[in-house]
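Engineer: everything below, folded, please.
(one chain, ligands or ions: 2)
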Amino acid sequence: MKGDKKTKIVKTIKIDVDKCNGCRACEVICSAFHATPKYSSNNPARARIRVVRDPLRDVYVPVYAGDHTVAECAGRDKYTIDGKEYDECAFCRASCPSRDDFKEPDSGLPLKCDMCESDPPLDEPLCVQWCLADALVYEEREEEVEEEVEQDEMEAGLEALATKYGLQKIMDTVARMSVSKSA
Ligand code: SF4
Ligand code: SF4
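Structural biologist: Ligands and ions are numbered 1, 2, ... in the order given. Sure, this is the predicted structure:
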């Protein structure tokens, strides 16, 4: 949804694949930060960053979880950069039906990088702080943009559930839960 112009801070993480050594520290700290309670556990499958690793070919690609999509692509892309061939979907950020990446392992709900949203805010996202190889560099800039109503995490989760089970089933379940809670 579009609206008036406003100034917003654009947060960027610059990724240097040549510096990444595949240590996966970024996955560990991301999953720990998003654990409930915070730092109570770590499971890289719950991280909002994934490192595509193929040590024998010297391929390491940190990829951030982006938007959820209900349909997978009709085709696939295969990149060759500086003589290295990268797997199909290697650079894709989508939480999509074609793979398990960027899905909460227990619920299947989509995961998305939130730049370590926190109160008070962090100076830099934790994956950047934990990357000792300096493969991840955080930058901020101001930009004038159309005001948009962004889809929050809960909305994205509900949309994924509605796609999986149907909207009517979700509404029936919520109605049943509210009746049992008020009884
Ligand atoms: S912490 Fe840095 S070097 Fe380690 S896997 Fe993540 S991006 Fe690569
Ligand atoms: S910026 Fe924060 S939420 Fe995003 S991948 Fe890095 S640690 Fe996870």
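Engineer: tell me what the biggest helix by length in the chain is packed against?
Structural biologist: When every helix of the chain is counted residue by residue (DSSP state H), the longest turns out to be helix 167-182. Using 3 or more CB pairs under 8 Å, 6 or more residues apart in numbering; DSSP states H and E as the contact criterion, the elements in contact with helix 167-182 are helix 153-165. Quick note: C-beta positions are derived from backbone N, CA and C, even for glycine.
Engineer: anything in the helix it packs on sitting right up against ligand 2?
Structural biologist: No: for helix 153-165 and ligand 2, the contact criterion (CB under 6 Å from any ligand atom) is not met; the two come no nearer than 11.2 Å.
Engineer: buried ones in that helix?
Structural biologist: Within helix 153-165, the residues that count as buried by 16 or more other CB atoms under 10 Å are Ala156, Gly157, Leu158, Ala160, Leu161.
Engineer: now do the longest helix of the chain and helix 153-165, the angle between them.
Structural biologist: 120 degrees (axes from the mean of the first three to the mean of the last three CA atoms, to 10 degrees).
Engineer: that older thread, redo the buried residues of helix 153-165 as JSON lines? Include distance to Val17 and pLDDT.
Structural biologist: JSON lines is the format used below for these (distance: CB to CB, whole Å; pLDDT from 0 to 100):
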{"residue": "Ala156", "distance to Val17": "28", "pLDDT": "75"}
{"residue": "Gly157", "distance to Val17": "31", "pLDDT": "77"}
{"residue": "Leu158", "distance to Val17": "35", "pLDDT": "79"}
{"residue": "Ala160", "distance to Val17": "29", "pLDDT": "78"}
{"residue": "Leu161", "distance to Val17": "35", "pLDDT": "81"}
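Engineer: need the residues that contact stretch 147-164.
Structural biologist: 1-6, 67-68, 70, 108-110, 112, 114, 170 (CB atoms under 8 Å, 6 or more residues apart in numbering).
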